[in-house]
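A.B. asks: sequence and predicted structure below; questions after.
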Amino acid sequence: MKIYKLLNKIGYLIVVIIFLTTLFPEFFFEKKISYKSYTIYTNYKIPEGYKQVIDKSESLIKKSEIYQPKHKQKIFICNNDFLFTLFAKFSRKAFAINNPMTNDIFIADADFSKNKSRSKSKNFNIRTLSGVIAHETCHSLLRNKLKLGLIKYRFSSIWKIEGYCDFIAKETSHNFQKGINLLCEQKKNKESKSFEYFKYKLYIDYLIKDKKIKINEILKQDYNIDTLDRKISDKFCSNLE
């Protein structure tokens, strides 16, 4: 009985720690710097290149219909496996995560001077840092601008959410030509998640650019994935035949 009570207390303590780290991640970071609408938290000195990275990221976001000039965004640069795992418990191989409760962005590995971000995936593990920041900021804007709310956001189709964020970032982790070749050969990539996200972006690209549908309408409507697969195959594969 005493062991049960002890385990109970430990369980409550773990829940409290998780709750506190979610609400107050600043405690784990020594330095911060603000630029435009972004506040960056790190444990090291940020090189001068951070302004160029933020400028590029902001230029991408500004082209989105969900852009909010007054949106404030916190970015936490981990550059440490333990630290990133602490905040991205179920996404350790991701480039970054956006906490849906706080809209805080946590980046696994960032190099401002080279505008590079890296993940722990074996392949397709390098993206531009500005693209990653734009992608994750887009998550915040989708929740705020469209008033999806945490529950509704969670149950929205992942291909719409992730595809749109990569559409705004103008990149995915997957190599474009290799992705098109796999698409046209109707093969699956060993790094299936990277290839799936590559296709998500193509779906959104087709719906917005070709069909002229706004993201708000895309989120409301139902789509047949097999039909979208055929559409993007027709678009990109006819020239390869």
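C.D. replies: On my side now, so go ahead.

A.B. asks: would you mind measuring from the residue nearest in space to the middle of the chain to Lys235?
C.D. replies: A centroid search over the chain (Cα atoms, centre = their mean) returns Glu136, at 4.0 Å, as the residue closest to the centre. Note on Glu136: its distance to Lys235, by Cβ to Cβ, to the nearest Å, is 28 Å. The way it works is simple: take the backbone N, C-alpha and C, and place the C-beta from them, glycine included.

A.B. asks: what's the next secondary structure element after the lowest-mean-pLDDT helix or strand in the chain?
C.D. replies: Using mean pLDDT, DSSP states H and E, the weakest-scoring helix or strand in the chain turns out to be helix 149-154, at a mean of 55. Sequence-wise, the next helix or strand downstream of helix 149-154 (DSSP states H and E) is helix 158-169.

A.B. asks: ok, which stretches of the chain are strands?
C.D. replies: 31-35, 38-42, 73-77, 96-98, 105-107, 110-111, 116-118, 126-128 (DSSP state E).

A.B. asks: including mean neighbour count, could those go into CSV?
C.D. replies: Below are the strands of the chain laid out as CSV (neighbours: other Cβ atoms under 10 Å):
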stretch, mean neighbour count
strand 31-35, 13
strand 38-42, 20
strand 73-77, 23
strand 96-98, 23
strand 105-107, 25
strand 110-111, 20
strand 116-118, 20
strand 126-128, 19
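
A.B. asks: what is the burial count for Thr227?
C.D. replies: 9 (other Cβ atoms under 10 Å).

A.B. asks: please enumerate the helices of this protein.
C.D. replies: Secondary structure of the chain (DSSP state H): helices at 2-23, 50-62, 81-87, 129-145, 149-154, 158-169, 176-185, 192-205, 215-220, 225-237.

A.B. asks: in a markdown table: the ones you listed, plus distance to Lys36.
C.D. replies: A markdown table is the format used below for those (distance: least, Cβ to Cβ, whole Å):
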| stretch | distance to Lys36 |
| --- | --- |
| helix 2-23 | 24 |
| helix 50-62 | 6 |
| helix 81-87 | 23 |
| helix 129-145 | 12 |
| helix 149-154 | 25 |
| helix 158-169 | 17 |
| helix 176-185 | 30 |
| helix 192-205 | 26 |
| helix 215-220 | 23 |
| helix 225-237 | 35 |
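
A.B. asks: any idea which of those helices scores lowest on pLDDT?
C.D. replies: Ranked by mean pLDDT, the helices of the chain end with helix 149-154 at the bottom, a mean of 55.

A.B. asks: for Ile215, which non-adjacent residue is closest in space?
C.D. replies: Among residues not flanking Ile215 along the chain, Tyr164 sits closest, at 5.5 Å (Cβ to Cβ, 6 or more residues apart in numbering).

A.B. asks: any idea how far that neighbour is from Arg143?
C.D. replies: Distance of Tyr164 to Arg143, computed by Cβ to Cβ: 12 Å.
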